[in-house]
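Visitor: Next come a sequence and a model predicted from it.
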Amino acid sequence: MDIYDNNINVLTNYIADGSKGCNSNAVGVELEHFVIDKNGDCVPYINGVENIIEQLAQNFPKHVYSEGFLIGLSCDKYNITLEPGAQIEISIKPTENICEIENIYGEFLSVINPILDKYSYRLTTLGYMPKNKAKDISLIPKKRYEYMNKYFKSVGTRGINMMRGTASAQVSIDFADEKDCVQKFKKANIISPILSLICDNAPVFEGKPFLGNTLRTYIWNDVDNDRCGIVPTVLDSDFSFKKYAEYIYNSPAILTVNGDDIEFTADKKICDIYKDTPIDESIAEHLLSMFFPDVRLKKYIEIRPADSMPIKYVLAYATLIKGIFMSDFSLDVSLSAIAQAKNNIILKGYNAEVYGTDAHTLAMKLCSAAYNALDSSDREYLLPLKQLIDNKQTLKETINLAKGRGIL
């Protein structure tokens, strides 16, 4: 076996190792927050979020450092990490019980809120920062982000906005085997434009009202076509773990990691960097983490289109995802139809044409399929999003309405 085939196999086997061997309805949740001061400005890492993380550390057995700076914490229930602009992310480990996610998030708030109160800070859950401009936000001290920032400037116009100004709610699901993974991965990609609309929570862009819809989709559309958006082969009849591995391996790396040594490789393709070098599982893990499609494949399926939202809506979204993948809801569309759906939604929101119908009708069908697949306890968690969908509203619109009435 030559090195190319060996390295493709390492990537393929890394993904395959995530197979659970049986059906699982577990969902994992990652929720990003902006830290806001009393004036509504985002708090930087240095002498700001840095102090919060250091004071949080006593509650966590595992600490992660970058260049001598504390940037991550971990315990058996959840992890705390920092996004490039010092957004605080909580990653809650997969569970089939939505109430467990709710309880763990409550525990997180119970330890972080007293620290925030000392500084008159608060956590804000929005798809884009409410006041600042991206150019005024400094990156946290992490070489990976420094190199990503440098590279994105050369391949798109909105990398600076994505890294510094966005916050998301991501839900991950398990797969039983390769066949199950491919089916779920295709479904997740097809419904991703509707999910971004259902979870649209970004009323402001660079300090001004955003007049379109799904701002994060608008931003991601011009970050890096090689590693964002829809995986080009996702709807192929022979899509597989290997084809996803080939998508990764034949794309630019941006950077490589060897222990503590990080090298900027720009647009040099991974297959060229490692043409004479066998990769191992740790390299495979890094390479997979450097790609940001709407739906990402690692040892689980990560569904990424949703904005950061208040926790009751995040719980509703996690429940929606759980129900959708318990249901037999399916659509057969083309790759170009997905791209067109995303663009149509940016312009027209719930009035957009999506897959031959309007976005609102499709969202209602999606929600109904999930609702019918869930048991009564989970259905209660779904209701906040279901109510928005029934009313043909997004969180973004409710925020704007509240401002108009002088409530916010």
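Guide: Happy to help now that I have it. Numbering: from 1, shown residues only.
Visitor: Only C-alpha atoms from now on, for both contacts and neighbour counts.
Guide: Will do.
Visitor: Tell me how far the residue nearest in space to the middle of the chain lies from Arg296.
Guide: Nearest to the geometric centre of the chain sits Arg304, at 3.5 Å (Cα atoms, centre = their mean). Computed as Cα to Cα, to the nearest Å, the Arg304 to Arg296 distance reads 8 Å.
Visitor: and the nearest residue to Ser74 once chain neighbours are set aside, how many neighbours does it have?
Guide: Counting by Cα to Cα, 6 or more residues apart in numbering, the nearest residue to Ser74 once its immediate chain neighbours are dropped is Lys62, at 5.0 Å. Per other Cα atoms under 10 Å, the neighbour tally for Lys62 reads 13.
Visitor: Give me the phi and psi for Lys62.
Guide: Main-chain dihedrals, Lys62, degrees, to the nearest 10: phi -120, psi 130.
Visitor: Need the three-state assignment for Ile112.
Guide: helix (DSSP: H, G, I helix; E, B strand; the rest coil).
Visitor: Once you drop chain neighbours, what's closest to it?
Guide: Closest residue to Ile112 in three dimensions, ignoring its sequence neighbours and counting by Cα to Cα, 6+ apart: Leu56, at 6.7 Å.
Visitor: what does Ile194 give?
Guide: Ala363 (6.3 Å).
Visitor: Quickly find the element holding the one you found.
Guide: Using DSSP states H and E, Ala363 sits within helix 359-373.
Visitor: what comes up buried for that helix?
Guide: For helix 359-373, a neighbour-count test (16 or more other Cα atoms under 10 Å) marks 359-364, 366-371, 373 as buried.
Visitor: cool, and stretch 8-16?
Guide: Within stretch 8-16, the residues that qualify as buried by neighbour count (16+ other Cα under 10 Å) are 8-16.
Visitor: For the regular element (helix or strand) spanning Ile104, name the packing helices and strands.
Guide: Per DSSP H and E: Ile104 is located in helix 98-118. The contact analysis (3 or more Cα pairs under 8 Å, 6 or more residues apart in numbering; DSSP states H and E) places helix 98-118 against helix 50-56, strand 88-95, helix 311-326.
Visitor: List the strands paired with the second one, with their directions.
Guide: Strand 88-95 has the following sheet partners, assigned by DSSP bridges: strand 27-36 (antiparallel), strand 78-82 (antiparallel).
Visitor: Need phi/psi at the residue nearest to the centre of the chain.
Guide: According to degrees, to the nearest 10, Arg304 has phi -110, psi 0.
Visitor: residues in contact with it?
Guide: By Cα atoms under 8 Å, 6 or more residues apart in numbering, the residues touching Arg304 are 168-171, 293-296.
Visitor: Report the separation between Lys342 and Ala176.
Guide: 29 Å.
Visitor: Out of the two, name the residue with the larger neighbour count.
Guide: For the pair Lys342 and Ala176, the greater number of neighbours falls to Lys342 (25 against 16), based on other Cα under 10 Å.
Visitor: Report the contact partners of that one.
Guide: By Cα under 8 Å, 6+ apart, Lys342 lies in contact with 193, 217.
Visitor: need the next SSE after the helix or strand hosting it, C-terminal direction.
Guide: Per DSSP H and E: Lys342 is located in helix 335-348. Sequence order places strand 353-354 as the next helix or strand after helix 335-348, per DSSP H and E.
Visitor: Please state the mean pLDDT value computed over that following strand.
Guide: The predicted model assigns strand 353-354 a mean pLDDT of 98.
Visitor: helices or strands next to it in the packing?
Guide: Counting by 3+ Cα pairs under 8 Å, 6+ apart, strand 353-354 packs on helix 335-348.
Visitor: Counting neighbours, which bits of the helix it packs on end up buried?
Guide: 335, 338, 340-346.
Visitor: Now do the helices in the stretch 101-250 of the chain.
Guide: For the stretch 101-250 of the chain, the helices defined by DSSP state H, counting those that start in this stretch occupy 143-155, 159-165, 178-198, 215-220, 241-249.
Visitor: Could you dump those into JSON lines and include mean pLDDT and mean neighbour count?
Guide: What follows is those, written out as JSON lines (pLDDT from 0 to 100; neighbours: other Cα atoms under 10 Å):
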{"stretch": "helix 143-155", "mean pLDDT": "97", "mean neighbour count": "17"}
{"stretch": "helix 159-165", "mean pLDDT": "98", "mean neighbour count": "24"}
{"stretch": "helix 178-198", "mean pLDDT": "98", "mean neighbour count": "22"}
{"stretch": "helix 215-220", "mean pLDDT": "98", "mean neighbour count": "22"}
{"stretch": "helix 241-249", "mean pLDDT": "98", "mean neighbour count": "21"}
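Visitor: Tabulate those (a markdown table), appending distance to Cys22.
Guide: Shown next, in a markdown table, are those (distance: least, Cα to Cα, whole Å):
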| stretch | distance to Cys22 |
| --- | --- |
| helix 143-155 | 36 |
| helix 159-165 | 36 |
| helix 178-198 | 10 |
| helix 215-220 | 33 |
| helix 241-249 | 18 |
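Visitor: Out of those, which is closest to Gly40?
Guide: Gly40 lies closest, by Cα to Cα, to one member of the helices of the stretch 101-250 of the chain: helix 159-165, at 13.8 Å.
Visitor: Many thanks, have a good one.
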